[in-house]
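> okay, here's the prediction I keep looking at, along with the sequence it came from:
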Amino acid sequence: MKFIQEPREELVHLRADPLLVEQELDTRPDVAEALEKAVGFRAGRVYWRSEHDHLYALELGDLGRGRPTTATVYGFWDRYEPRPPEHEIDADLLEFLLWFAGISGRIDPADVRLTAEFAFKQTGRCQTAWPPDAVVRTPEERFVGVPDFPYQPAYVQIEGLRMAYYASGSGDPILCLHGEPTWGYLYRRMMPILATVGRVVVPDLIGFGRSDKPVAENAYSYRSHVRWMKKFLDALDLRDVTIIGQDWGGLIGLRMLAEVPERFKRVVMMNTGLPVGIPFSDAFLAWRRFSQDQTFMDVPALIRYSLQRKISEAEIAAYGAPFPSKEFCRGALVFPRLVPIRPDHPGTYENLLAIETLKKLDIPVLIFWADKDEITKPGVYALQSIFPRADEPILVKDAGHFIQEDKGEEVAQRIVAWIATS
């Protein structure tokens with residue numbers, strides 16, 4: 001276990017949930033003393049973060065018997081939000097129990113695993129992987145005939161989820177992150193041009209494209225998307241990365257940049273920002289209200305309405321390929337609700353921390369903005385304040401929110417020229 005200092009400012013935004021309680025440590029003095037030695041005190045709390053980036057605490061109590069008497073493990077979840085997926089919590093608690101067994105001196109960690117397996121078989125608890133029917137995968141035949149996209153998918157496993165990506169070219173990686181409700185197809189006009197100066201890597205976010213799609217709303221959070229993408233970086237061992245982000249690709253990409261800056265070389269942001277509660281455009285709030293009333297997202301209709309240029313019906317239909325029914329739309333429908341629109345909204349605290357890190361980074365930054373995009377217009381001012389050394393944002397005329405579709409070739413050529421000089 002790697003304990004951390006008490007994150008006092010973060011705790012203000014979280015709620016405590018008691019998960020494990022042991023009130024009879026005084027009957028096992030050797031175990032109690034081992035716990036005291038491991039944490040360094042008899043009464044108080046120690047904190048740690050799990051592999052799933054959840055915050056936990058072990059609280060020891062002293063009833064005057066010369067050793068810890070009680071022990072409670074707390075999980076800390078975002079206020080006003082559901083608990084994370086139960087299999088993630090169970091997996092984290094199992095890791096804690098294995099640590100506990102290891103420091104106790106009298107409990108065999110192998111017995112802990114056997115007990116957990118028995119509990120799962122008997123009761124269904126101690127589930128440490130995605131339960132059956134918790135994840136759907138778009139049938140491959142939905143992508144047959146998708147026009148102007150010759151790239152074959154490759155796959156990596158991220159926390160038991162299959163994540164798809166498309167790659168072209170060679171050299172330093174150019175990581176292109178899409179937003180809602182699109183998939184890697186959005187970058188098809190940019191990929192051939194970018195591939196002349198690097199290895200273009202375009203993943204489908206979890207919940208989109210060919211990537212797996214959890215069906216429960218609480219499977220998706222801002223934190224989980226950042227975590228999944230950081231693990232994608234690790235899985236491909238991407239370094240010296242030029243990151244390109246649009247819409248949620250920017251919200252996720254900028255957090256990644258702040259948390260693992262050593263992997264990145266350049267930053268390109270398009271029609272995005274790093275929100276911390278205010279301000280928000282009326283257009284975005286209207287979109288947020290609309291999206292939360294839906295059970296199925298008609299993605300082709302949304303794309304057709306949003307574009308400034310005309311594309312074929314086959315191209316429009318390609319955007320709907322990943323979403324044959326409402327079970328496949330959960331990630332897309334949840335995304336608008338995850339944008340931090342209040343000071344106490346999940347993600348605001350983490351974004352504020354990220355901004356402080358980003359302001360100190362010495363890294364080339366290029367910002368594009370579409371003149372017809374009303375939804376994310378305020379984000380350009382935020383990006384300018386985050387990256388004061390960046391060049392003046394480039395206004396792209398006659399382009400809307402999906403700038404890759406409206407002006408993909410123009411934007412890609414500008415990026416290629418910028419890479420040559422940055």
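On my side now, so go ahead.
> just for the chain, where's the confidence low?
Along the chain, no part satisfies pLDDT under 70.
> please pick out the residue of it most distant from its centre.
Arg65 (45.5 Å; Cα atoms, centre = their mean).
> spit out the contact partners of it.
Listed by Cβ atoms under 8 Å, 6 or more residues apart in numbering, the contact partners of Arg65 are Asp26. Using the backbone N, CA and C atoms, a C-beta is placed for each residue, glycine as well.
> distance of it relative to Ala286?
61 Å (Cβ to Cβ, to the nearest Å).
> now swap in Glu356 and tell me
31 Å.
> dihedrals phi and psi, Lys372?
Lys372 adopts backbone torsions of phi -100, psi 10, taken as degrees, to the nearest 10.
> give me the number of neighbouring residues for the closest residue to it other than its chain neighbours.
Using Cβ to Cβ, 6 or more residues apart in numbering and skipping the chain neighbours, the partner closest in space to Lys372 is Gly400 (4.3 Å). If you count neighbours by other Cβ atoms under 10 Å, Gly400 ends up with 21.
> check Gln127 too.
20.
> specify the local secondary structure of it.
coil (DSSP: H, G, I helix; E, B strand; the rest coil).
> domains for the protein, by residue range?
8-123, 154-421 (automatic domain parsing).
> and the first one, how far apart are its ends?
Between the start and the finish of domain 8-123 there is a gap of 37 Å, counting by Cα to Cα, to the nearest Å.
> with stretch 195-206 instead?
OK, stretch 195-206 end separation, Cα to Cα: 24 Å.
> ok, and for that stretch, which residues are buried?
Within stretch 195-206, the residues that count as buried by 16 or more other Cβ atoms under 10 Å are 195, 197-206.
> without its sequence neighbours, what residue ends up closest to Phe143?
Per Cβ to Cβ, 6+ apart, closest to Phe143 is Ala321, 5.4 Å.
> scratch that, Ser312 is what I was asking about
Closest to Ser312 by Cβ to Cβ, 6+ apart is Pro147, at 6.9 Å.
> still on that earlier bit, make JSON lines out of the buried residues of stretch 195-206 and add secondary structure.
As requested, these are exported to JSON lines (three-state DSSP):
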{"residue": "Ala195", "secondary structure": "coil"}
{"residue": "Val197", "secondary structure": "coil"}
{"residue": "Gly198", "secondary structure": "coil"}
{"residue": "Arg199", "secondary structure": "strand"}
{"residue": "Val200", "secondary structure": "strand"}
{"residue": "Val201", "secondary structure": "strand"}
{"residue": "Val202", "secondary structure": "strand"}
{"residue": "Pro203", "secondary structure": "strand"}
{"residue": "Asp204", "secondary structure": "coil"}
{"residue": "Leu205", "secondary structure": "coil"}
{"residue": "Ile206", "secondary structure": "coil"}
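> quick check, nearest of those residues to Pro109?
Ile206 (31.0 Å; Cβ to Cβ).
> returning to that earlier point: quick one: which of the domains of the chain is nearest Ala134?
Going by Cβ to Cβ, the one of the domains of the chain nearest Ala134 is domain 154-421, 6.1 Å.
> start to end distance for that closest one?
Per Cα to Cα, domain 154-421 runs 31 Å from first to last residue.
> do stretch 395-406 as well
13 Å.
> do the same with stretch 18-30
Termini of stretch 18-30 sit 24 Å apart (Cα to Cα).
> same question for that stretch: list its buried residues.
Under 16+ other Cβ under 10 Å, the buried positions of stretch 18-30 are 22, 25-26, 28.
> contacts for that stretch?
31-32, 35, 56, 63, 65, 67-75, 89, 93, 96, 104-106.
> using ChimeraX, define a selection of the buried residues within these.
Per 16+ other Cβ under 10 Å, the buried members of the contacts of stretch 18-30 correspond to this ChimeraX selection:
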select :31,32,35,56,67,68,69,70,71,72,73,74,75,89,93,96,104
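> in helices, which of the contacts of stretch 18-30 fall?
In helices, judged by DSSP state H, the following of the contacts of stretch 18-30 are found: 31-32, 35, 89, 93, 96, 104.
> doesn't Ala167 lie inside a strand?
Yes: assigned with three-state DSSP, Ala167 falls within a strand.
> for burial, what's the neighbour tally of it?
For Ala167, using other Cβ under 10 Å, the count is 19.
> one more: Phe264?
22.
> for it, give the beta-bridge partners.
Val241 (DSSP bridges).
> hmm, it is touching Ala258, no?
No: with contact defined as Cβ atoms under 8 Å, Phe264 does not reach Ala258; the gap is 9.9 Å.
> sec struct for the most centrally placed residue in the chain, please.
The centre of the chain sits closest to His225, judged by Cα atoms, centre = their mean, with a distance of 1.4 Å. On the three-state scheme (three-state DSSP), His225 is labelled helix.
> give the helix, strand or coil label for the residue nearest to Ser312.
Going by three-state DSSP: Pro147 is coil.
> what comes up buried for stretch 259-270?
259, 263-270.
> can you list these in JSON lines and add distance to Trp48?
Output for the buried residues of stretch 259-270, formatted as JSON lines (distance: Cβ to Cβ, whole Å):
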{"residue": "Glu259", "distance to Trp48": "17"}
{"residue": "Arg263", "distance to Trp48": "24"}
{"residue": "Phe264", "distance to Trp48": "27"}
{"residue": "Lys265", "distance to Trp48": "32"}
{"residue": "Arg266", "distance to Trp48": "34"}
{"residue": "Val267", "distance to Trp48": "31"}
{"residue": "Val268", "distance to Trp48": "35"}
{"residue": "Met269", "distance to Trp48": "33"}
{"residue": "Met270", "distance to Trp48": "37"}
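> which one of those residues is nearest Gln246?
Using Cβ to Cβ, these come closest to Gln246 at Met270, 4.3 Å.
> so how far is Gly179 from that closest one?
Relative to Gly179, and taking Cβ to Cβ, Met270 is found at 9 Å.
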